[in-house]
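1. Predicted model and sequence follow; I will ask about them next.
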Amino acid sequence: MAHSQAELFNSIPQSDHLGLFEADHPSYERITELLGYRRRDVAAATGLQVGKIRHDVKMPVELRERLSEWAVILNLIGEYFQDPQKVVLWLQTPNALLGDIAPRDMIRIGRYKKLLKFVQTALRDNER
């Protein structure tokens with residue numbers, strides 16, 4: 001199946017609607033705030049030990065990469081809703097299309113890629 005060039009670039013948001021990046025790195029505080037995560041949630045979602053969860057210059061590369069991935073999906077959702085409060089509500093609400101799991105819990109249990117594919121498909125289908 002052929003995809004248009006526009007679809008190729010729909011995998012990332014057009015802008016940082018939710019202010020989830022600071023210079024060239026993801027904002028730990030803002031991302032975890034939107035997701036409603038504590039350190040133990042971040043540890044569960046990343047597979048890192050709680051003691052490795054830090055948001056300073058010694059942040060593990062794996063954590064920085066996961067935060068960037070989460071920021072992408074949050075901004076894609078933010079582009080659709082255009083309201084941070086609606087983004088938070090959507091993240092917290094169990095979704096029948098996700099097996100009655102809240103999107104924030106999908107991320108926490110390591111199902112980020114499945115959630116990203118779901119969001120991208122929904123956004124693509126919404127454009128048609």
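-> Sure, I can see it.
2. Buried residues in the helix or strand in which K114 is found, which are they?
-> K114 belongs to helix 112-127 when assigned by DSSP states H and E. When neighbours are counted by 16 or more other CB atoms under 10 Å, the buried residues of helix 112-127 are found to be Y112, L115, L116, F118, V119, Q120, L123. C-beta: built from backbone N, CA, C; applies to glycine.
3. Would you tell me what the next helix or strand after the lengthiest helix in the chain is?
-> If each helix of the chain is counted by residues according to DSSP state H, the longest one is helix 61-81. Where DSSP H and E defines the elements, the next helix or strand beyond helix 61-81 is helix 84-92.
4. what's in contact with the next helix or strand after that following helix?
-> Secondary structure here is assigned by DSSP H and E; on that basis, the next helix or strand after helix 84-92 toward the C-terminus is helix 103-108. Contacts made with helix 103-108 from outside it, assessed by CB atoms under 8 Å, 6 or more residues apart in numbering, are listed as 35-37, 41, 44-45, 70, 73, 90-93, 95, 98, 112, 114-115.
5. Quick one, which of those residues are buried?
-> Here, 16+ other CB under 10 Å leaves L35, Y37, D41, A44, A45, W70, I73, W90, L91, N95, Y112, L115 buried among these.
6. will you turn the residues you listed into JSON lines that also has pLDDT and distance to I53?
-> Supplementary listing: the buried ones among the contacts of helix 103-108 in JSON lines, determined by pLDDT from 0 to 100; distance: CB to CB, whole Å:
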{"residue": "L35", "pLDDT": "96", "distance to I53": "13"}
{"residue": "Y37", "pLDDT": "96", "distance to I53": "10"}
{"residue": "D41", "pLDDT": "96", "distance to I53": "9"}
{"residue": "A44", "pLDDT": "94", "distance to I53": "10"}
{"residue": "A45", "pLDDT": "94", "distance to I53": "10"}
{"residue": "W70", "pLDDT": "96", "distance to I53": "14"}
{"residue": "I73", "pLDDT": "95", "distance to I53": "19"}
{"residue": "W90", "pLDDT": "97", "distance to I53": "25"}
{"residue": "L91", "pLDDT": "96", "distance to I53": "20"}
{"residue": "N95", "pLDDT": "95", "distance to I53": "27"}
{"residue": "Y112", "pLDDT": "92", "distance to I53": "16"}
{"residue": "L115", "pLDDT": "95", "distance to I53": "21"}
